[in-house]
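1. Provide a 3D model corresponding to the input given below.
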Amino acid sequence: MSKRKYKSNNMTAADKKLNKAIGEKIKEARLSRIVFINNGSLETFGKKKYCTQTELAKALKVSFQQIQKYEKGTNGISSLRIMQLASFLKVPVVYFFEDFPGFSNRTAEETFSEDINY
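-> Numbering: from 1, shown residues only. Coordinates of the predicted model:
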């Protein structure tokens, strides 16, 4: 009898914290009416359900269990999936990171105008 080998979970504490933060933002966007305003701020209008986990899963072509894992922070999420989520939920990609400690929402001009030592 051979034993099944399972992939070990090599996530660091920082990875887990980021996955949890992104998951919370996914759930918030899924359950709220969020409108992206021209000046760059987001405004939430009540807690009117936007879509179910099943509806979101169908749109992303994953199982609803996968959406549950994303929302709980159990599974990591790829940049492609974040882009798909942002598109479907109609929020900017930075929305998923804005509450994470250390996130800086700087423009490209701000980033490149800094004095960089080469």
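
2. all strands of this structure, in order?
-> For the chain, the strands defined by DSSP state E cover 33-36, 42-45.

3. and residue 72, what does it touch?
-> By CB atoms under 8 Å, 6 or more residues apart in numbering, residue 72 lies in contact with 20, 23. C-beta: built from backbone N, CA, C; applies to glycine.

4. now swap in residue 64 and tell me
-> Applying CB under 8 Å, 6+ apart to residue 64 gives the contacts 52, 53, 54, 56, 57.

5. count the residues that sit near residue 80.
-> 8 (other CB atoms under 10 Å).

6. no no, residue 10
-> 6.

7. show me where pLDDT drops low in this protein?
-> For the chain, the stretches with pLDDT under 70 are 1-9, 34-49, 102-118.

8. now residue 81. Nearest residue, chain neighbours left out?
-> Using CB to CB, 6 or more residues apart in numbering and skipping residues adjacent in sequence, the residue nearest residue 81 is residue 60, 6.9 Å away.
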